[in-house]
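Peer 1: here's a sequence, model it:
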Amino acid sequence: MIAFVEGILDTVEEDRIIIDRQGMGFEVLVPGSVLPELPQTGNEIKLYTYMHVREDAMQLFGFRTRDEKEMFQLLITVNGVGPKGALGILSVMDVDSLRFAILSDDAKSISKAPGIGNKTASKVILELKDKCHLEDMLGNTADMEEDCPAAAVSGAEEREARNDAVQALVALGYTAAEAARAVRAVKATADMTVEEILKQSLKTIG
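Peer 2: Modelled structure (predicted):
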């Protein structure tokens, strides 16, 4: 399995790029959302990749982040969504927007992807809803260095406070997606209380 490819960006096409790695060209299929963020050809690039193997072909799919790659892998487990369909979904919406759509039963937004109808979009929601979590939408505040335990504790406390604020908003009648979006928009610090985060979140929603 090729986990990532790092090298020189050689060629950019409509739905794929070629990365030169020590004289070997890797053709990588990418979602449309990746293209605007590519460096100029001739510069270094790194993409996280997934290799799809069929009887008649082997294809590499590339993504900017591990999170995007993991969402792609979840999408292709859905009945009726192949690699091409998953790439199409990630071309019209980023990972967090897709999570929001799944948790809020927003099949209409997902069905805007090429080749994805409302029926397939509903399948995506049905099969992935239990695999999408609020914590994933609140950012990686717990992604701390192992040699910095104080920072790790601080990050864990902030994430717990954010989660509590989301639950409070849901109890007030907001959807999980609305609550997560509002809480994530708050520039919280480690010493902020749940009440303070909640107050700022309500201002964002308002």
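Peer 1: got the phi and psi for G85?
Peer 2: The phi and psi torsions at G85 (degrees, to the nearest 10) take the values phi -70, psi -40.
Peer 1: what's the neighbour count on it?
Peer 2: G85 sits with 19 neighbouring residues when counted by other CB atoms under 10 Å. (Glycine included, C-beta is placed from N, CA and C.)
Peer 1: in contact with it, which residues are there?
Peer 2: Taking CB atoms under 8 Å, 6 or more residues apart in numbering as the criterion, G85 is in contact with 75, 113, 115-116, 120.
Peer 1: confidence score at it?
Peer 2: Here the pLDDT value assigned to G85 is 95.
Peer 1: pull the contacting residues for the most centrally placed residue in the chain.
Peer 2: By CA atoms, centre = their mean, the mean C-alpha position of the chain lies nearest to V95, the distance being 2.6 Å. Under the criterion of CB under 8 Å, 6+ apart, the contact partners of V95 comprise 65, 67-68, 71.
Peer 1: tell me which of the residues you listed fall in helices.
Peer 2: Judged by DSSP state H, these include 67-68, 71 as members of helices.
Peer 1: hang on, the earlier thing: and the contacts of G85, which is the shakiest by pLDDT?
Peer 2: Among those, G115 has the lowest pLDDT, at 89.
Peer 1: quick check: that one touching G88?
Peer 2: Yes - under the contact definition of CB atoms under 8 Å, G115 touches G88, with a separation of 5.6 Å.
Peer 1: when the two are compared, which one has more neighbours?
Peer 2: Neighbour count, other CB under 10 Å: between G115 and G88, G88 has more, with 20 against 14.
Peer 1: returning to what we had before: buried subset of the contacts of V95, written for PyMOL?
Peer 2: If you want just the buried ones from those in PyMOL, going by 16 or more other CB atoms under 10 Å, the selection is:
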select buried, resi 67+68+71
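Peer 1: so what does L75 have for phi and psi?
Peer 2: Residue torsions, per degrees, to the nearest 10, at L75 are phi -60, psi -40.
Peer 1: dump the residue contacts of it.
Peer 2: So L75 contacts 81, 85-86, 89-90, 124, 128 (CB under 8 Å, 6+ apart).
Peer 1: how near is it to N118?
Peer 2: 16 Å (CB to CB, to the nearest Å).
Peer 1: quick one: the strands in the chain?
Peer 2: According to DSSP state E, the chain carries its strands in the segments 4-12, 16-21, 24-29, 44-53, 58-63.
Peer 1: now render those strands as TSV, adding mean neighbour count and mean pLDDT.
Peer 2: Rendered in TSV, the data for those read as follows (neighbours: other CB atoms under 10 Å; pLDDT from 0 to 100):
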stretch	mean neighbour count	mean pLDDT
strand 4-12	15	96
strand 16-21	18	96
strand 24-29	16	96
strand 44-53	16	95
strand 58-63	20	94
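Peer 1: that'll do, ta.
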